[in-house]
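Novice: Requesting a structural model of the entry that follows:
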Amino acid sequence: MVVGAARSGVAAAELLARRGARVTLADLKPDLPDAERLRGAGVAMALGPHDPDLFASADLVVLSPGVPLRQPALARAKRAKVPIIGELELASRLLRGRIVAITGTKGKSTTTTLVGRMLSAAGFDAPVSGNIGAPLAAKVDASTETTIHVVEVSSFQLETTVTFHPWIAALLNLSADHLDRHANLREYAAAKARVFANQSASDWAVVNADDPAAMRLAARRALAPKRLFALDRPLDEGTVVSDGWIVRRVNGQADVPLLPVAEVRLLGRHLLSDVLAASTIALVAGAGPDAIRAAVSGFGGLEHALEPVATVKGVRFVNDSKATNVESARRAIESFDRGVVPIIGGRFKGGDLRDLRPAIGARASAVVAIGEARGVVREALSDLVPVIDAGSMADAVRAALGAAPPDGIVVLAPACASFDMFRDYAERGRVFKQEVLKLVEAHGGRREP
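Specialist: Reported below is the predicted structural model:
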């Protein structure tokens, strides 16, 4: 029984069917666009409300990451002693090659993409998958013993792992997120820590030394040798910035130069931290400085991650729709010095929007609030700066332009999920960009290349 017909669930169902399993794909939706194709591949459908007896009769239940564990049908399967795992766990059991797993509250996609580019530039077969791009289950058939799978892994994926065993496991940072699904921060952190659970002394744990919570979690849960990186904390061993260069520091003295900071084309200090993380992982995996430098210098960033969009009336618009939690929104706002108008809101996932107050107070001239969380945004910030309500993304973009100083920055940094107004963060980011480009057409301006 595969539960959840999003891309991970579909990939798991197809993989199992190819391996000869009798597969039923269950989804609460009554119709699926891929239903006929899946039936043709030998996958049975159980659409609509879940049948607990059907779950209890399975030999194995495989969950798509979007499926929460707290469901009556899953409780029935547990009582029947049916094993329940996730798509990531399933794929890792059938995969050939080694796994580099990258997790954290913020920066996973940028770091994962960069590691894939660095290892590919060094000549490795290094497909990128997981929470970004194709599911890991879709990479199983093409995998070989020399493949290095670079996998972005979320707490939703990790909480259903059992034997998942990365050769290199990276924890980029840790702060409150997904508290609409995890009961509390402790449960969320425990899910993240599973990235280290099956490692041994022959593996590696890569950790952000600037992040105290990540360091504490790694100290308790990571048994593998550690490689550290840091922008701010001095390190005797690790990846740091020194005299304008990203370097690998060895024995507190000898610096191995990797690339000049000036060649990093990404906005935001936190994205520079992602470059350090990716460089550290790539070095451990066997890439050299030339491959690392080539990968970074040619990388302009990911869509929806501090993505420059256009300048209108001197105001620059930046899309960080991937900033779906409070910490990532804070980092987005702190990427600019002054004159910032953040667009904040959506479906609140937990945390405390008051944590944005220092960044807002020092940099923002106003805030535009959108979505279900408008009241939460107003309550947290309205005594600090003007908070403008907007009923749509079009209204938000126009209001932000009106509130920004002539040389200001409008940044979509929602600190919330998108599901109240959009299908996902990507659709939210695309709609933001479309509305900004309408302003360019109406008022003139310059699109970012």
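Novice: so when I look at Arg37, I'm seeing a strand, right?
Specialist: No - checked against DSSP: H, G, I helix; E, B strand; the rest coil, Arg37 lies outside a strand; its state is helix.
Novice: ok, now how distant is it from Asp395?
Specialist: 40 Å (CB to CB, to the nearest Å). For the C-beta atoms, the positions are set from N, CA and C on the backbone; glycine is no exception.
Novice: quick one: which of the two has more around it?
Specialist: Set side by side, Arg37 and Asp395 show more neighbours around Asp395, with 15 against 12, by other CB atoms under 10 Å.
Novice: In contact with the nearest residue to Thr147 once chain neighbours are set aside, which residues are there?
Specialist: Computed as CB to CB, 6 or more residues apart in numbering, the closest residue to Thr147 that is not its neighbour in sequence is Gly97, at 3.2 Å. Contact analysis of Gly97 by CB atoms under 8 Å, 6 or more residues apart in numbering lists Asp125, Ser143, Thr144, Glu145, Thr146, Thr147, Ile148, His149.
Novice: Make a markdown table out of these and add neighbour count, distance to Arg216 and secondary structure.
Specialist: As requested, the contacts of Gly97 are arranged in a markdown table below (neighbours: other CB atoms under 10 Å; distance: CB to CB, whole Å; DSSP: H, G, I helix; E, B strand; the rest coil):
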| residue | neighbour count | distance to Arg216 | secondary structure |
| --- | --- | --- | --- |
| Asp125 | 14 | 35 | coil |
| Ser143 | 18 | 34 | coil |
| Thr144 | 8 | 37 | coil |
| Glu145 | 7 | 36 | coil |
| Thr146 | 10 | 36 | coil |
| Thr147 | 18 | 33 | coil |
| Ile148 | 23 | 29 | strand |
| His149 | 26 | 28 | strand |
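Novice: what about the residue nearest to Lys106 when sequence neighbours are not counted, which helix or strand?
Specialist: The shortest distance from Lys106 to any non-neighbouring residue, by CB to CB, 6+ apart, is to Ser328 (4.1 Å). Per DSSP states H and E, Ser328 falls inside helix 326-333.
Novice: what's that helix in contact with?
Specialist: Here helix 326-333 makes contact (CB under 8 Å, 6+ apart) with 105-106, 173, 175-177, 268-270, 306, 318, 320, 322-323, 340, 342, 344, 351-353, 355-356, 359-360, 363-364, 411, 413-415.
Novice: at 6 Å instead, please
Specialist: Helix 326-333 is touched from outside by 105-106, 175, 270, 320, 323, 340, 342, 351, 355-356, 359, 363, 411, 413, 415, with contacts defined as CB atoms under 6 Å, 6 or more residues apart in numbering.
Novice: Who wins on neighbours among those residues?
Specialist: So for the contacts of helix 326-333 (other CB under 10 Å), the most neighbours sit at Pro342, 33 neighbours.
Novice: Name the residue closest to the centre of this protein, please.
Specialist: Central residue of the chain (CA atoms, centre = their mean): Lys108, 4.4 Å from the mean position.
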